[in-house]
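Visitor: Show me the folded form of this:
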Amino acid sequence: MKYLRLMLVFLPIAVLAEFVFPHNAAREAVIFFAAALALVPLAGLLGEATEELAIHTGPQIGGLLNATLGNAAELIITIVALRAGKYELVKVSLTGSIIGNLLLVLGFSLLLGGIRNGTQRFNRGLTGMAASMMFLAVIGLVIPTLFALIKAVEQKQLDLRDTLVNDPQLNVISLGVAGVLIVIYILSLLYQFRVPGGPATSHTGFGEAEEIEEHTPKWSIRTAGAVLALTTLAIVGMSELLVGVVEPVAHTLGIHEMFLGIIVIPLVGNVAEHLVGVQAALKNQMDLSLSVSLGSSMQIALFVAPLLVFISLFVGPATGRLQLTLFFSLFEVMILGLSVVIAAVISVDGESNWLEGVMLLGVYVIAAFGFFYL
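Guide: Numbering: from 1, shown residues only. All right, here's what the predicted structure looks like:
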């Protein structure tokens, strides 16, 4: 992953474009793409620093550290978007991250791993648990969404695209569902830590420990902590620049900013871990590969998204906007549910091949067409 660090050159380019370049459409485009490309190595460094700290702290605390900070870059970007009042952008980026992990990352892993290694096998228990947890997450989104839609029909104010509603009952339901999802996620971590063999030392805390190669720390605790702090600050800065120009760049490109949110933003925060999953599949380490894609999806759906609901109570009022709810658009919920179904059906037998990877990638492309034109 060291070659990704070369992309850090885009960090000063984004800063120069923000403070030096004249204000025009070209400047905004440079800021957007430079900030997006700079976030790729920053997210990788953040994950590497987390891994180093996890090695120093041991398997139990390290697994918990990985399970809570595995998607830190994604969390930072969405918090910045919350502060800017871009609630719809936050929602579609969360949906895009989950769909991207289930379809794009898993699809490429099965495709490339299958081409190199033929039929690959993995732990059915891992995928079964992940599928159950993801179905739970979908239920957690469906309930608030159906409640809001049914209430809108009763009041004859139905708008399938507008999810920014100020409904005290919906706010309470979202907080309650978010709390339940976080509790279940924590309990799932406790379960993973107590199973024989202990938790995996991957960034998610999910998977088989024997699939992970033995690691020795490359950095001291002080170095890892310094890198973690500096990259966090840099990610915050690049996220501010990125979010600030999403709308004008989307207008310049002639596309909706929600499409950028569901396709581009999730990718820049997760490219490094995506490559880890694909590389593990190429090495025929399918348990590790699936723990990256499925574990990251679970973390976003059961921890990051619910956590943002509570964070919005403190960040949202400062913007004068609404509380973030779990009321997602019907199209997003349907695509998310169908993605979980196809990923579960393909992985339930404990075997995979390249054709199944093509199927997942095909579904991702179809969903991207729908989001682009919708």
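
Visitor: pLDDT score for residue 61?
Guide: Note for residue 61: predicted pLDDT of 63.

Visitor: could we number from 121 for the rest of this?
Guide: Sure, I'll start counting at 121 from here, so that last one is residue 181.

Visitor: The stretch 221-370 of the chain: strands as residue ranges?
Guide: Taking DSSP state E, counting those that start in this stretch as the test, the strands found in the stretch 221-370 of the chain are 240-241.

Visitor: Point out where it drops to low pLDDT.
Guide: Residue ranges of the stretch 221-370 of the chain with pLDDT under 70: 278-281, 315-335.

Visitor: does residue 447 sit in a helix or strand, and which one?
Guide: Using DSSP states H and E, residue 447 sits in no helix or strand.

Visitor: Quick check, it in contact with residue 270.
Guide: No: using CB atoms under 8 Å, residue 447 is not in contact with residue 270, being 11.5 Å away. C-betas here are computed from N, CA, C, even on glycine.

Visitor: The two: which is more packed in?
Guide: Using other CB atoms under 10 Å, the more surrounded residue of residue 447 and residue 270 is residue 447, with 26 against 11.

Visitor: who's in contact with the more buried one?
Guide: Applying CB atoms under 8 Å, 6 or more residues apart in numbering, we find residue 447 in contact with 264, 265, 267, 268, 283, 285, 290, 294.

Visitor: Which residue is the nearest non-sequential neighbour of the first one?
Guide: Once flanking residues are discounted, residue 264 sits nearest to residue 446: 4.2 Å by CB to CB, 6 or more residues apart in numbering.

Visitor: The fourth one too?
Guide: Excluding its sequence neighbours, the residue lying closest to residue 268 (CB to CB, 6+ apart) is residue 447, at 4.4 Å.

Visitor: tell me the contacts of the closest residue to residue 267 other than its chain neighbours?
Guide: Leaving aside its sequence neighbours, residue 267 sits nearest to residue 293 (CB to CB, 6+ apart; 6.0 Å). Residue 293 makes contacts with 263, 264, 267, 445, 446, as judged by CB under 8 Å, 6+ apart.

Visitor: Can you give me the neighbour number for residue 488?
Guide: 18.

Visitor: per-residue pLDDT, it?
Guide: pLDDT, residue 488: 90.

Visitor: tell me what the helix or strand that it is a member of is packed against?
Guide: Using DSSP H and E, residue 488 sits in helix 474-493. Packing contacts for helix 474-493, counted by 3 or more CB pairs under 8 Å, 6 or more residues apart in numbering; DSSP states H and E, involve helix 207-219, helix 226-237, helix 377-379, helix 450-467.

Visitor: Any chance of CSV for those, columns distance to residue 191?
Guide: Shown next, in CSV, are the helices and strands packed on helix 474-493 (distance: least, CB to CB, whole Å):
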stretch, distance to residue 191
helix 207-219, 8
helix 226-237, 16
helix 377-379, 20
helix 450-467, 16
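
Visitor: looking at the ones you listed, which is buried most?
Guide: helix 207-219 (a mean of 25; mean count of other CB atoms under 10 Å).

Visitor: ok and it relative to helix 450-467, angle-wise?
Guide: Interaxial angle of helix 207-219 relative to helix 450-467 (axes from the mean of the first three to the mean of the last three CA atoms, to 10 degrees): 10 degrees.

Visitor: Please consider this matter closed, and thank you.
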